[in-house]
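one predicted model, sequence on top.
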Amino acid sequence: MNIGIIGLSQSGKTTVFSALTGGKADTKSHTTDGLSPHIGIAHVPEPRLKVLADLFHPPKVVFSEAKYVDIGASVKSLVTDKGIGGQLLNQLSTVDTLMIIIRAFEDESVAHPQGSLDIKRDINTLNLELVFSDLTIMERRLEKLETSLKAAKPGERQVILQEKEILLGFQTELQNDKPLRTLAIESAAAKLIANYQFLTAKPVLIVVNIDEKQIPQAASMEADLKTQFSDAKCRVITLCAKLEMELVQLDENAAQEFRDEYGLKESGLERTIKMSYELSDMITFFTIGQNEVRAWSIVKGTTALKAAGKIHTDMEKGFIRAECIGLNELVECGSIAEARKKGLLRLEGKEYIIRDGDVVTVLFNV
């Protein structure tokens with residue numbers, strides 16, 4: 001799971017990134033040309049792993065991971081600065097979900113680029129920049145299609161005209177400020193979107209970066225913003241990145257004491273990561289080996305064959321079948337052997353769709 005972090009300058013993007021990745025990634029200033037984003041890894045919270053670890057007592061417990069990419073440049077510069085735009089836009093085009101950081105915290109020593117704090121204005125600004133990025137790409141592509149039509153053979157014209165019609169439809173929606181992620185799109189058009197990796201087609205998590213004084217109002221702030229900005233593929237969450245950055249430096253018991261003081265029921269970072277995970281349409285399956293229990297992240301709808309390839313390419317090449325059992329069923333049985341004895345292990349073929357919580361053993365031969 002890859003997540004791209006964007007936002008206006010001085011919004012706390014790098015603080016959020018550092019907190020999410022445990023403060024372990026290199027977060028020196030972005031290079032002057034803006035071509036080197038920060039990249040870091042975070043563990044995806046998974047309480048079910050502890051259940052498996054308590055049952056099997058492996059030497060190692062391995063969480064699935066999320067990759068965060070902190071883009072230094074503004075979205076607008078991605079499409080207006082030749083040379084810089086192409087490389088940074090490529091970085092964003094490969095992510096599964098966009099995380100937009102919006103500044104709500106007060107800090108007189110760090111000026112807001114717009115001169116004042118206004119959460120809704122800044123969300124609209126970033127949304128418009130995403131729309132502008134996609135419109136620019138579409139305009140360039142439509143120009144190329146017009147050129148191609150002039151030299152196209154009879155058999156090629158229909159394909160070009162179909163693509164042009166789809167893009168013009170998208171263009172109209174974007175000009176009306178409708179992100180592509182909110183549209184009901186037919187399969188042919190959806191395939192085209194996948195090829196272009198339009199930014200407004202991606203799920204969005206809006207992270208409102210608050211300060212410690214605003215924590216008591218966080219829930220009401222979220223509720224207000226959700227009514228205007230949330231949709232099926234866009235969520236709003238508040239996060240005190242400065243506090244979370246401090247908490248990741250502490251052991252879990254000490255960190256929980258601080259959360260209790262602020263009335264926080266759960267880690268803001270875990271909540272943010274889990275919401276990113278859900279927006280990216282990810283699910284988790286598990287494997288159990290002699291030395292480890294491990295969580296694996298896959299996109300909802302992934303087949304057993306492709307899940308096997310996630311574990312190791314040899315497993316996909318030599319796939320025979322997969323033994324599967326739901327985690328809750330396995331816990332009730334107490335062991336794989338007992339589950340097999342009770343006939344609860346399902347033998348699934350390569351087209352089987354992996355379910356969230358499946359414990360999978362791949363049988364293969366290479």
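Now that the structure is in, tell me what you want to look at.

just the helices in the stretch 1-150 of the chain please.
Along the stretch 1-150 of the chain, counting by DSSP state H, counting those that start in this stretch, helices occupy 13-20, 47-56, 75-80, 84-93, 119-151.

winner for burial among those?
Among those, helix 13-20 has the highest mean neighbour count (mean count of other C-beta atoms under 10 Å), at a mean of 24. Just so you know, the C-beta spots here come from the backbone N, C-alpha and C atoms, and that holds for glycine as well.

export the helices of the stretch 1-150 of the chain to a markdown table and tack on distance to Lys242?
Converted to a markdown table, the helices of the stretch 1-150 of the chain look like this (distance: least, C-beta to C-beta, whole Å):
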| stretch | distance to Lys242 |
| --- | --- |
| helix 13-20 | 6 |
| helix 47-56 | 27 |
| helix 75-80 | 24 |
| helix 84-93 | 26 |
| helix 119-151 | 17 |
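
lowest average pLDDT across the ones you listed?
Among these, helix 75-80 carries the lowest mean pLDDT, a mean of 57.

Arg294: which of the helices of the stretch 1-150 of the chain is closest?
With distances scored as C-beta to C-beta, the stretch of the helices of the stretch 1-150 of the chain nearest to Arg294 is helix 47-56 (8.1 Å).

which strands or helices does the closest one pack on?
strand 60-62, strand 282-288, strand 292-299, helix 327-333 (3 or more C-beta pairs under 8 Å, 6 or more residues apart in numbering; DSSP states H and E).

re the thing from before, which one of the helices of the stretch 1-150 of the chain lies nearest to His38?
Per C-beta to C-beta, nearest to His38 of the helices of the stretch 1-150 of the chain: helix 13-20, 5.7 Å.

the closest one: how far from the chain's middle?
Offset of helix 13-20 from its chain centre (C-alpha atoms, centre = their mean, to the nearest Å): 15 Å.

what's that helix in contact with?
The contact list for helix 13-20, computed with C-beta atoms under 8 Å, 6 or more residues apart in numbering, reads 5-7, 25, 27, 38, 40, 42, 68, 70-71, 99, 101, 207, 209, 239, 241-242, 244-245, 248, 269, 272-273.

tell me where the stretch 101-250 of the chain has strands.
Using DSSP state E, counting those that start in this stretch, the strands found in the stretch 101-250 of the chain span residues 204-209, 234-239.

single out the most deeply packed of those.
Highest mean neighbour count among those (mean count of other C-beta under 10 Å): strand 204-209, with a mean of 24.

just checking, what packs against it?
Where contact means 3+ C-beta pairs under 8 Å, 6+ apart, strand 204-209 is packed against helix 13-20, strand 97-103, helix 218-229, strand 234-239, helix 268-279.

what are the contacting residues of that strand?
3, 11-12, 15-16, 97-105, 119, 123, 179, 181, 221-222, 225, 229, 233-241, 272, 275-276, 279.

next one: stretch 267-281
Stretch 267-281 is contacted from outside by 1, 3, 19-20, 42, 44-45, 66, 96-97, 99, 203-205, 207, 233, 235, 237-240, 243-244, 247-248, 255, 259, 297, 299-301, using C-beta under 8 Å, 6+ apart.

repeat that with 7 Å
Applying C-beta atoms under 7 Å, 6 or more residues apart in numbering, the contact partners of stretch 267-281 are 1, 3, 19-20, 42, 44-45, 66, 96-97, 99, 203, 205, 207, 233, 235, 237, 239-240, 244, 299-300.

how about stretch 183-202?
If you take C-beta under 7 Å, 6+ apart as the criterion, stretch 183-202 is touched by 92-93, 97-98, 130-131, 133-134, 137, 163, 166, 173-174, 179-181.

circling back: okay if I get the strands of the stretch 101-250 of the chain as a markdown table plus distance to Asp314 and mean pLDDT?
What follows is the strands of the stretch 101-250 of the chain, written out as a markdown table (distance: least, C-beta to C-beta, whole Å; pLDDT from 0 to 100):
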| stretch | distance to Asp314 | mean pLDDT |
| --- | --- | --- |
| strand 204-209 | 35 | 97 |
| strand 234-239 | 38 | 95 |
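
can you redo those strands as CSV with distance to Tyr352?
What follows is these, written out as CSV (distance: least, C-beta to C-beta, whole Å):
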stretch, distance to Tyr352
strand 204-209, 31
strand 234-239, 30
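
domains in the chain, as residue ranges please.
2-43+63-115+203-279, 129-200, 301-364 (automatic domain parsing).

who wins for proximity to Lys50 among these?
domain 2-43+63-115+203-279 (10.6 Å).

now the end-to-end length of that closest one.
The stretch domain 2-43+63-115+203-279 measures 12 Å between its terminal residues, going by C-alpha to C-alpha, to the nearest Å.

and if you look at stretch 329-346?
12 Å.

check contacts around Leu247.
By C-beta under 7 Å, 6+ apart, the residues touching Leu247 are 255, 258.

which pLDDT value belongs to it?
At Leu247, the pLDDT value in this model is 90.
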